Every structure is written in structure tokens, then in C-alpha cells.
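Engineer: need the 3D shape of this:
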Amino acid sequence: MNKIKNIGLLTSGGDAPGMNAAIRAVVRAGIYYDLKVTGVIRGFDGLVNGNFIDMERKSVANIIQRGGTILKTARSDRFRTEEGRQQAYDNLKANGIDALVVIGGDGTFTGADVFMKEFDFPVIGLPGTIDNDLAGTDFTIGYDTAINTVINAVDKIRDTAESHNRLFVVEVMGRDSGLIALRSGIGAGAEAILIPEIKSGMDDLITRLEHGRKDKASKIIIVAEGDEVGGGFDTCEVLKEKFPNYDIRFSVLGHIQRGGSPTCMDRVLASRLGVSAVEGLINGHSGVMVGQLNREVVLTPFSQAIKHIDVEDVTPAWLELVGILSL
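Structural biologist: Sure, this is the predicted structure:
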């Protein structure tokens, strides 16, 4: 064992299914290694305000199947300031906390990286975000649940689309990343997918509709909210103008993608990475995200993990697959 005796644990940024499974894993791994685990309520804001709770075995009983986060999450403008981070550090030291595990996405890791460097404080991150947009892990905690939520919703939408011979534009989350739209669109059998990473998506869609089959009972277009046109509503308006004979409807799936019981894949991933985070701190690691690449646990520096994945190289192959399967 090294000097670490008390690990602080927080969730930050957007909630993601599987965060509770990760919390459970960190707490129970801490207990296994004879460490104390202190929960921080409402993320970095809780650090600044000193909102701490002791975490015990019973604290994480019966939460592995629950969505959301029992530690809550919030944005913190105060933590963005030097004064706020100093207050957070003072609170940690006053409570005997000598390391942190943070669960979140790129914003969480950006703040953790600054804090770690300012105070030479051990911090390890777990990738908890439905967007799957972190480098250093094949999948983030919550992504699998989110795309399965989208598929389940689109399956229901297709039932009514086929009953009325309608074209449905379905907007999914993804302001900067189209990875939810891309994988769920293929899984749901979408006729087209529009994502931020491809700037010619709308032109390709119009061409496909102009020259595609007219006898298909339904058409599903999956649109990431950050696509080139500006999201599903604007895409729908463009299509209505170009194709006045189509019966077009629009649906936003919104925050249902964040909620719900996590899939088995997300529970197992969160459990494995949570234990690895505790072991990483024990072994003296800091400033890294714990991820899983090619089935192996790997550690990636925050500065590399938060670099948004450039899917420019892989997207054409995926979209070509969409084109083949939508015939």
C-alpha cells in the first residue's frame, strides 16, 4: 500500500447509465483494500462546498441496476476559478481525503487535470458519458445503454411509420459527436444517418431520397443534434420543402437516452474500471483515465483522453454500410 488512506469519489457532467455501478465498484474495492471512501455530493460543486458523506458497503447496496447517480451531478462555476479550486483542496485536506476518483466525460477530466496539476493531488478518472467520445477506451460507461434506448424507441416509431407510409426524422443526442447516431442508426436499420463529422450528409440524403425506392413502407432518418443543418427539426423542414409529397414527421428522443437501467455490458464495464481505478491509485498512478481497449484495461493521460475522437477515417466505411443495408 502507498500513502493513500481515504479516496474521494464524485460524478460530474451529464449523468450516464452505469455511473452507480462504477460508484459501487470503487467503494467496494476501497473496502477490499482497507481504504476509506468518501462520497462527494454534486460533483466539483460538492468539493467547493464541502458536501461529503462516508461511503460504506451498505451505501452502495442495490444500486448496480439503477440509472442516474446516487452522488448527484452538477456544473460548478466556482470550481473554474482559482479561489474555488483552493477551497476544494482545503476541504479535501480538512476531511483527510488524499486522492480522488472522478466519473464523467471530457469536461470532468479537464477540471480534474487542472486541479491535479495545481495541487499535486492524485486523481484518476472513469469514462462516464453516453457520447463515447473519449480516446483511450473502446466504449464509455453509459454508451451501450444509450444506443439500446435509441434502438428500442426507433423500433416503436417504425411501427407507426410503416402503418402510415411515413418518413420519420429522429433526433438523438450528439452535439459534437455522432457516435450515438451512427451505431444506433445501423442497429435500427435507418435509411440515412446525419452526424456532425460528415459535412455532406444532407446533400447525400437528398440524393438518396430522389433516386431511392419509392415503394418502401417507411423511412427512418437518424440525426445527431449537432449535425450540419442544425438538428432534426431543421432537417425535417428542409425535407418538407424538397419533398412536399412525403408524409414527414419529427421526433426528439431527448433525455430518455440518459436514463434507465444500465445494460449488462455497461454494468460489467463500470465494475471492472471502478476496481481498476482504486488499484491504479494504490499503485501510484494519477492524472489518467482508466479505459478498456481490446479487452484490456489501459491508462490514458487526461490530456489525451479528452481529445475528441476524430472519426473522419472510420465514418465513410460505416456510412457506406448504411447505404448498402438501406436498399
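Engineer: okay, and S251 sits in which element?
Structural biologist: strand 248-252 (DSSP states H and E).
Engineer: residues contacting that strand, please?
Structural biologist: 157, 161, 166-171, 232-233, 236, 239-240 (CB atoms under 8 Å, 6 or more residues apart in numbering). In this view, the C-beta of every residue, glycine as well, is placed from N, C-alpha and C.
Engineer: equivalent analysis for stretch 76-93, please.
Structural biologist: Against stretch 76-93 from outside (CB under 8 Å, 6+ apart): 8, 43-45, 47-50, 52, 98, 100, 111, 114-115, 118-119, 121.
Engineer: quick one: what helix or strand has the residue nearest to G68 when sequence neighbours are not counted in it?
Structural biologist: In space, and not counting its chain neighbours, G68 is closest to D15: 5.2 Å by CB to CB, 6 or more residues apart in numbering. D15 belongs to no helix or strand when elements are defined using DSSP H and E.
Engineer: which residues does D15 contact?
Structural biologist: 67-69, 73, 258-259.
Engineer: shaky segments in this structure?
Structural biologist: Applying pLDDT under 70 to the chain flags the ranges 1-2, 200, 211-217, 307-315, 326-327.
Engineer: I'd like the contacts of D15 as JSON lines, with distance to G136, secondary structure and neighbour count appended.
Structural biologist: Output for the contacts of D15, formatted as JSON lines (distance: CB to CB, whole Å; DSSP: H, G, I helix; E, B strand; the rest coil; neighbours: other CB atoms under 10 Å):
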{"residue": "G67", "distance to G136": "24", "secondary structure": "coil", "neighbour count": "19"}
{"residue": "G68", "distance to G136": "25", "secondary structure": "coil", "neighbour count": "17"}
{"residue": "T69", "distance to G136": "22", "secondary structure": "coil", "neighbour count": "24"}
{"residue": "T73", "distance to G136": "21", "secondary structure": "coil", "neighbour count": "24"}
{"residue": "R258", "distance to G136": "22", "secondary structure": "coil", "neighbour count": "19"}
{"residue": "G259", "distance to G136": "26", "secondary structure": "coil", "neighbour count": "14"}
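Engineer: tell me if I'm right that K72 and G39 touch.
Structural biologist: No: using CB atoms under 8 Å as the test, K72 is too far from G39 to be in contact (9.7 Å).
Engineer: so if I had to pick from the two, which one is more boxed in?
Structural biologist: Set K72 next to G39 and count neighbours by other CB atoms under 10 Å: G39 wins out with 23 against 18.
Engineer: one step back: got CSV for the contacts of strand 248-252, with distance to G189, secondary structure and neighbour count too?
Structural biologist: Below are the contacts of strand 248-252 laid out as CSV (distance: CB to CB, whole Å; three-state DSSP; neighbours: other CB under 10 Å):
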residue, distance to G189, secondary structure, neighbour count
I157, 11, helix, 18
A161, 11, helix, 22
R166, 15, coil, 18
L167, 14, strand, 21
F168, 12, strand, 24
V169, 15, strand, 27
V170, 12, strand, 26
E171, 17, strand, 24
G232, 18, helix, 24
F233, 23, helix, 15
C236, 20, helix, 22
L239, 19, helix, 22
K240, 23, helix, 15
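Engineer: Serialize the residues you listed to a markdown table and add fields for distance to D203.
Structural biologist: Shown next, in a markdown table, are those (distance: CB to CB, whole Å):
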| residue | distance to D203 |
| --- | --- |
| I157 | 25 |
| A161 | 24 |
| R166 | 23 |
| L167 | 17 |
| F168 | 20 |
| V169 | 16 |
| V170 | 20 |
| E171 | 19 |
| G232 | 17 |
| F233 | 19 |
| C236 | 16 |
| L239 | 13 |
| K240 | 17 |
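Engineer: between these, which sits nearest D204?
Structural biologist: Of all those, L239 has the smallest distance to D204: 13.0 Å, by CB to CB.
Engineer: need the contact list for that closest one.
Structural biologist: Shown in contact with L239 (CB under 8 Å, 6+ apart): 167, 169, 205-206, 209, 221, 246, 248.
Engineer: again, only using 7 Å
Structural biologist: With contacts defined as CB atoms under 7 Å, 6 or more residues apart in numbering, L239 is in contact with 169, 246, 248.
Engineer: distance of it relative to V229?
Structural biologist: L239 is 10 Å from V229, where distance means CB to CB, to the nearest Å.
Engineer: kindly report the same for V154.
Structural biologist: 19 Å.
Engineer: can you tell me the element L182 falls in?
Structural biologist: L182 belongs to helix 179-187, assigned by DSSP H and E.
Engineer: how far does stretch 147-159 sit from the chain's center?
Structural biologist: 19 Å (CA atoms, centre = their mean, to the nearest Å).
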